[in-house]
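Participant: Model the structure of this input:
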Amino acid sequence: MTDHSIDQIAGVTGAAWSQGSTDAPGRTGLGEQPGAAYLAYPAYPADLAFLVDIGVSASELNAAMARAEELGVSAHDILISVNGRTQRAYLRALARALGLPFIDPRNAAISNDAFSARALSSPLATRILPVDHHGQRYYALMPHGRDVERLFTLVAGPDAPARLAIACPNDGREAMIAQAGDRLLATHITPLLTERPDLSAHDTPRRARRSFVLSFLAVAAMLIAVAEGYLPLFLPVAVATIALAIVFGIALGLRCAFMLKADQEAAPRLPENKLPTYSVLVPVYREARIIPQLLAALGQIDYPAPFIEFLLLLEEDDEETREAIAAVDGDRRYAVLKVPSGLPRTKPRALQLGLAFARGELVTIFDAEDIPAPDQLRCAAAAFAGGGPRLACVQAPLAIDNADASWLARQFALEYAALFRVVIPGLASLDMPVMLGGTSNHFRTSALRHVMGWDPWNVTEDADLGIRLARFGYSIGAVASQTQEEAPARFTSWFSQRRRWLKGWMQTALVHLSHPLRLARDLSWRGSIALAGTLVATLAAALIYPLSCFGMMILLATITSLDSPNSPLLMASAIILFVAGHGVAILMIAIGARRSGIRLRLIDVVSLPAYWVLVSLAAWIAVVDLARSPFYWAKTDHVGRQKDNS
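Facilitator: Numbering: from 1, shown residues only. Presented below is the predicted three-dimensional model:
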């Protein structure tokens, strides 16, 4: 063996190691590379033969080989894919068979070579680690897929690198985060801020101050002009009414178009050996109570085990949740990544760390309270296969399963039915920007990395990311396979969550509307109009709803007065918009409820205005939050319950 640097190690292990990270990690045929293991047990491939010596039965090996041939993976992947403890035992045995030491990187010092900008941005960062162990430098290999078979040839060859060792990938990830979490986060959290600061909410305080000042000056100037007699009162009222009429008219037109769109047909399912690999990211924080429910739900996902990895993202000080996971996940199937403490403490910050380690061709996000339908990943994979290279994301619908818990929960369920069964599929079918839901988004990993992932400073990272994908030229689709989710049933939980959502949508508006010409260039006129009819209309409606109701009452009370100063045209426009807005909203909810299997009751419709008044109250508090604490993430507590998603 000869001495090599880490770059040379990467070269010796072959370009196929890097290629394997952009193809399907772990997917391969059963190519038979000659190696020592074949000498004693030529009936088995190199990645299995040595297991005979440690007592693995022939029936287990033959079953693994048969299943591997069906899926097109390495046979050892079948044995270790559902059990983290088995993976560690396998790699220990592999190290012995190769005559290499097995090293736990958590008990060694990782060399600074591993944390250079090049190394951290390379897929090799999670497959080769230079470590100092007992005074010696080793290159710890964390192989998967056909890497294992190649190792037998590599180690036996005349140019085999010196001081190779074997390590477990889960241990390597934990060690990298523990020893250089800050550098990892600096590399993978800041790209958007560094490369496209105009698309990051990091500058929210300055943008918010500028918007508040400009709004104040405009209103003050108008009031002074009216008071001094330079401007008739009806003129600013007319201008405001016309502007709102345009925005809400666009919104009404879009919603009518959404309702005319039929449900999308599901794409044909892919055969198992054609399925892409998946990384499932699950950010959890203070969720120990519902960890058993979460892991049970993830365990029901119907996807070949060698093609899927689960990364649970925990804040490093959340020991209670970590202990709950350890108590339930005895086999360590679910990798736990501890997110180093720091600001902003948000869900997208954790997701960025997960994305840095994700190996799948596709990546999806589930929240702690989610129960996805078992076939959802297969449905999404089929949609991507038939969607073309522009399709970067598909959104699965969220369905509320505790709608009967309270009046708020029921209104929330109806709201979700309209959003996920009417609005999002409608926008997707029209190829317009989509404000994504916060969970059950499925992405092409390459596209997600191209747009630099999530913005850690945006507290509605989902809505922002959907718009950013559109600005980069990508499209978004929808699938019908749903995820069951828990609605906040208590007012305090609902109000806290809604304040955060509205604050985040305001952040998103400040980001994307700060440069309107650039936005129009990126989205085209169709996309810009769609954004006005969704994001802008949603915020405007939330802020002015009580005022519009009060104004409508005054208008109706004075409509018959002969000396009314209001223009008949403006009065008619206001009445039509008010009535049509309510009518279209109710019709959209009715269609969404029917598609979701919810029976719409008269009391649901009658009480809608009360719900919208509460939304408006949350919107005005969100304005204050935006000024005082733009990056604060108000945590929504979840109760958890056993649910049926059949």
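
Participant: Only alpha carbons, please: show stretch 361-371 as CSV.
Facilitator: C-alpha atoms of stretch 361-371 as CSV (Å, rounded to 0.1, in the frame of the first residue of the first chain):
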residue,chain,number,x,y,z
GLU,A,361,-32.4,11.5,-6.2
LEU,A,362,-35.7,12.8,-4.7
VAL,A,363,-36.3,14.4,-1.3
THR,A,364,-39.4,15.0,0.7
ILE,A,365,-40.4,16.6,4.0
PHE,A,366,-42.8,15.3,6.6
ASP,A,367,-43.7,17.0,9.9
ALA,A,368,-43.8,15.2,13.2
GLU,A,369,-47.6,14.9,13.2
ASP,A,370,-47.9,13.8,9.6
ILE,A,371,-49.2,10.4,8.5
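
Participant: residue contacts, the most centrally placed residue in the chain?
Facilitator: Using Cα atoms, centre = their mean, the residue of the chain that lies closest to the mean C-alpha position is Ile365, 4.4 Å off. With contact taken as Cβ atoms under 8 Å, 6 or more residues apart in numbering, Ile365 is in contact with 280-283, 351, 438-441. (Glycine included, C-beta is placed from N, CA and C.)

Participant: How about Leu100?
Facilitator: Leu100 makes contacts with 155, 164-166, as judged by Cβ under 8 Å, 6+ apart.

Participant: Restricted to helices, list these.
Facilitator: Among those, the members found in helices (DSSP state H) are Val155.

Participant: which among the contacts of Leu100 gets closest to Leu448?
Facilitator: Of all those, Leu448 sits closest to Ile166, with 30.7 Å by Cβ to Cβ.

Participant: ok, the closest residue to the closest one other than its chain neighbours - contacts?
Facilitator: With sequence-adjacent residues excluded and distances taken as Cβ to Cβ, 6 or more residues apart in numbering, Ile166 is closest to Ala95, at 3.9 Å. Listed by Cβ under 8 Å, 6+ apart, the contact partners of Ala95 are 101-102, 165-166.

Participant: Ala95 and Ala89: what is the separation?
Facilitator: According to Cβ to Cβ, to the nearest Å, Ala95 and Ala89 sit 11 Å apart.

Participant: my guess is Gly473 contacts Arg390, does it?
Facilitator: Yes: using Cβ atoms under 8 Å, Gly473 is in contact with Arg390, at 6.9 Å.

Participant: Glu199 contacts Gly453, correct?
Facilitator: Careful, residue 199 is Leu; it's not Glu. No: contact criterion Cβ under 8 Å: Leu199 and Gly453 do not qualify, at 11.6 Å.

Participant: residues shared between the contacts of these two?
Facilitator: Jointly contacting Leu199 and Gly453 under the rule Cβ under 8 Å, 6+ apart are Leu192.

Participant: Asp198 in helix, strand or coil?
Facilitator: Counting by DSSP: H, G, I helix; E, B strand; the rest coil, the backbone at Asp198 sits in helix.

Participant: Asp462: what's it in contact with?
Facilitator: Neighbours of Asp462 in contact, by Cβ under 8 Å, 6+ apart: 435-439, 441.

Participant: And the helices in the stretch 151-300 of the chain?
Facilitator: Using DSSP state H, counting those that start in this stretch, the helices of the stretch 151-300 of the chain run over residues 169-189, 191-195, 204-227, 234-260, 291-299.

Participant: could I have the second one exported to PDB, CA atoms only?
Facilitator: C-alpha atoms of helix 191-195 as PDB (Å, rounded to 0.1, in the frame of the first residue of the first chain):
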ATOM      1  CA  PRO A 191     -25.600  30.000  -0.200                       C
ATOM      2  CA  LEU A 192     -28.900  31.900  -0.900                       C
ATOM      3  CA  LEU A 193     -27.800  34.800   1.200                       C
ATOM      4  CA  THR A 194     -24.400  34.900  -0.400                       C
ATOM      5  CA  GLU A 195     -25.300  34.300  -4.000                       C
END
